[in-house]
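Undergrad: Need coordinates for the below:
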Amino acid sequence: MEIKYIHRSIERKLRADAQNFKAILVTGARQVGKSTLLRKLFTGYKYVTLDDPFLEHQARNDGDLFLTLNPPPLVIDEVQYAPELFRHIKMHCDASDGRGLFCLSGSQQFPLMKGISETLSGRIAIIELDGLSLREIQRDAFSLPFQPTLEYVQERAKSARAPRNLWEIIHRGSYPELQNPDMEWSAYYGNYVKTYLERDVRALSAVQDLDCFQRFIIATAARTGEVLNYAKIANDVGKDAVTIKHWISILEASGLIYLLEPYANNALKRAVKTPKLYFRDTGLVCYLTRWLSAEALAYGAMNGHVFETFVISEILKSYANSGQDYRHFVSYYRGRDKMKQKINGEVVEEDGEIGLVIETDGMLHPIEIKQNSNVSATATAAFQILDKIPDRKRGMGAVICNCPHPGMLRENVLQLPAWYI
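TA: Down below sits the predicted model:
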């Protein structure tokens, strides 16, 4: 069964950038839909892929001939396999006043960025494509980036609708091919991991023991939603922390994980300064950690961390799809500020933590993430820590959870279902 093309939220920005820049680059993990997107949007362009060994060899060894045989307007897929081609693309861009001459795509973000910044700076727009968002899966055209404000909620309410089973969507994952119900879940992810190890890992690093690297991916997936601890992963895998740090950079470079940096401000002297690790696709997490059904996941030991991973990913997608670089204004907070909370009827003291902080226009919006359907206002006790920052103001916050409808949890704190993102 062939599924109908799912329109991507980034399409409007992609078209606009193609009219303003001489080249565009779409980056993202393997199989998030980069090739399909470019072929659907730029139908008048010739399409070549450097997955073809002959074309890769030609592009690497004779860029002039390659571009003579494949003149712009041109889509070049998997361009990371021929970084030597960038200087030839630069010469074509400099020799023409045209716009949208080249549409490039690649699945190895850091090497691509290095080559682009050194060669095509000022000539190219760089766009990040992630897996499908819940909005895209539901064919919802709503395009505003997520904000925990009443204005956002009022606009979101016009098209937001609850999915039949959110855990099924979380478990299934966000890759476009998995939207085909005939695609077998475990076979897809098994092939995905095998291809990733054999192509991307070998290309990015001289990793000899791919079996050990696969054990590392599994150990990392088991820690999605946690503060990154190289030593613990190293103990699980049997490698030193230096190797694990390098391997983490490989996962980040190939778009499989995102490191959420801690909020930094001199007024918060007790803050933890280590990033949190999130996989970008919850289906891949479930496959690697062997949660084989949505029902098992929903009631399993990892449900909180996987739900948090899904929510963080959806929020980041809402910014990336609107053309904003979320890295500049999202963070989390964890510190040694003891906060009193009531858990199972008992008052306990825990370290202060805010799952996500969104900063816009000098306003800090704190967000907590809970997989429960009923949440308590005590979950937001740590929000007041942000009041210590003299040059920032704490704005409206939110608890994102599995509640059926949005509402006010307390003054200045919303309670929002995850499908309102």
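Undergrad: how about the helix ranked longest in the chain: buried residues?
TA: If you go by DSSP state H, the chain has its longest helix at helix 303-320. Within helix 303-320, the residues that qualify as buried are 303, 305-320, counting by 16 or more other CB atoms under 10 Å. C-beta here means a position set from N, CA and C on the backbone, and glycine is covered the same way.
Undergrad: and it, how far out from the chain's middle?
TA: What separates the centre of helix 303-320 from the centre of its chain is 8 Å, taken as CA atoms, centre = their mean, to the nearest Å.
Undergrad: Run through the neighbouring helices and strands of it.
TA: Under the contact criterion of 3 or more CB pairs under 8 Å, 6 or more residues apart in numbering; DSSP states H and E, helix 303-320 touches helix 166-172, strand 257-260, strand 276-279, helix 282-288, strand 330-343, strand 346-360, strand 363-369.
Undergrad: let's see it at 7 Å
TA: The contact analysis (3 or more CB pairs under 7 Å, 6 or more residues apart in numbering; DSSP states H and E) places helix 303-320 against helix 166-172, strand 276-279, helix 282-288, strand 346-360.
Undergrad: for the second one, packing partners?
TA: In terms of contacts (3+ CB pairs under 7 Å, 6+ apart), strand 276-279 is packed against strand 226-227, strand 257-260, helix 303-320.
Undergrad: per-residue confidence averaged over the longest one?
TA: Right, helix 303-320. Summarised as a single mean, pLDDT over helix 303-320 is 97.
Undergrad: Now do it and strand 363-369, the angle between them.
TA: Orientation of helix 303-320 against strand 363-369 (axes from the mean of the first three to the mean of the last three CA atoms, to 10 degrees) gives an angle of 150 degrees.
Undergrad: Show me the contact partners of helix 303-320.
TA: The contact list for helix 303-320, computed with CB atoms under 7 Å, 6 or more residues apart in numbering, reads 128, 130, 133-134, 145-146, 170, 224-226, 258, 260, 278-280, 282, 285-286, 297, 326, 355-356, 369, 371, 400, 418, 421.
Undergrad: go on, the first one?
TA: Defining contact as CB under 7 Å, 6+ apart, one finds that strand 226-227 is touched by 272, 274, 276-277, 305, 334.
Undergrad: If we use 10 Å, what do you get?
TA: By CB atoms under 10 Å, 6 or more residues apart in numbering, the list of residues contacting strand 226-227 from outside reads 220, 232, 260, 262, 272, 274-278, 305, 308, 332, 334, 353.
Undergrad: in the chain, which helix or strand is least confident?
TA: helix 109-119 (a mean of 67; mean pLDDT, DSSP states H and E).
Undergrad: measure Lys317 to Lys232 for me?
TA: Distance of Lys317 to Lys232, computed by CB to CB, to the nearest Å: 29 Å.
Undergrad: that older thread, quick check: ChimeraX command selecting the buried ones in the contacts of strand 226-227.
TA: Selection of the buried residues among the contacts of strand 226-227 in ChimeraX, burial being defined by 16+ other CB under 10 Å:
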select :220,260,262,272,275,276,277,278,305,308,332,334,353
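Undergrad: Which residue, neighbours along the chain excluded, lies closest to Thr195?
TA: Distances taken as CB to CB, 6 or more residues apart in numbering put Arg30 closest to Thr195, at 6.9 Å, once the chain neighbours are dropped.
Undergrad: where does the one you found land on pLDDT?
TA: What the model reports as pLDDT for Arg30 is 91.
Undergrad: what's it sitting at in phi/psi?
TA: The phi/psi pair for Arg30 (degrees, to the nearest 10) reads phi -60, psi 130.
Undergrad: Would you enumerate the residues in contact with it?
TA: 78, 107-108, 175, 192, 195-196, 199-200, 254-256 are the contacts of Arg30 under CB under 10 Å, 6+ apart.
Undergrad: Mind giving me the PyMOL select for the residues you listed, buried ones only?
TA: In PyMOL syntax, the buried subset of the contacts of Arg30 is picked out as below (16+ other CB under 10 Å):
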select buried, resi 78+107+108+175+192+196+199+200+254+255+256
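Undergrad: So which of the contacts of Arg30 are in helices?
TA: Of the positions in these, 192, 195 sit in helices, assigned by DSSP H.
Undergrad: Just put the contacts of Arg30 in TSV and tack on distance to Met183.
TA: Below are these laid out as TSV (distance: CB to CB, whole Å):
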residue	distance to Met183
Glu78	22
Ser107	20
Gln108	25
Tyr175	9
Tyr192	11
Thr195	15
Tyr196	17
Arg199	20
Asp200	21
Ser254	22
Gly255	21
Leu256	20
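Undergrad: Between the contacts of Arg30, which sits nearest Arg139?
TA: Within the contacts of Arg30, the smallest distance to Arg139 is 16.9 Å, found for Tyr175 (CB to CB).
Undergrad: Quick one: the strands in the stretch 51-200 of the chain, in order.
TA: According to DSSP state E, counting those that start in this stretch, the stretch 51-200 of the chain carries its strands in the segments 74-77, 102-106, 124-128.
Undergrad: hang on, the earlier thing: now tell me which of the contacts of strand 226-227 the prediction trusts least.
TA: In this model, the minimum pLDDT among the contacts of strand 226-227 belongs to Val272 (76).
Undergrad: For the residue nearest to that residue when sequence neighbours are not counted, which residues count as its bridge partners?
TA: With CB to CB, 6+ apart as the criterion, Val272 has its nearest non-adjacent residue at 4.4 Å, and that residue is Arg334. Beta-bridge partners of Arg334, counted by DSSP bridges, are Glu353.
Undergrad: wait, which of the helices and strands packed on helix 303-320 is closest to Ala382?
TA: Per CB to CB, nearest to Ala382 of the helices and strands packed on helix 303-320: strand 346-360, 4.1 Å.
Undergrad: The nearest residue to His88 once chain neighbours are set aside - how many residues pack around it?
TA: For His88, ignoring the flanking residues on the chain, the nearest one in space by CB to CB, 6+ apart is Gly63 at 3.4 Å. The number of residues packed near Gly63 is 19, by other CB atoms under 10 Å.
Undergrad: hang on, Gly63 packs against Glu84?
TA: Yes: counting by CB atoms under 10 Å, Glu84 is a contact partner of Gly63 at 6.1 Å.
Undergrad: circling back: what angle sits between the longest helix of the chain and strand 124-128?
TA: 150 degrees.
Undergrad: Could you pull up the contacting residues of Lys276?
TA: Lys276 touches 223-228, 258-262, 308-309, 312, 331-332, 334, 355-356, counting by CB under 10 Å, 6+ apart.
Undergrad: so who does the residue positioned nearest the centre of the chain touch?
TA: The chain has Arg280 as the residue nearest its centroid, 4.5 Å off, counting by CA atoms, centre = their mean. Shown in contact with Arg280 (CB under 10 Å, 6+ apart): 28-29, 32, 130-131, 174, 224, 251-252, 255-258, 309, 312-313, 316-317.
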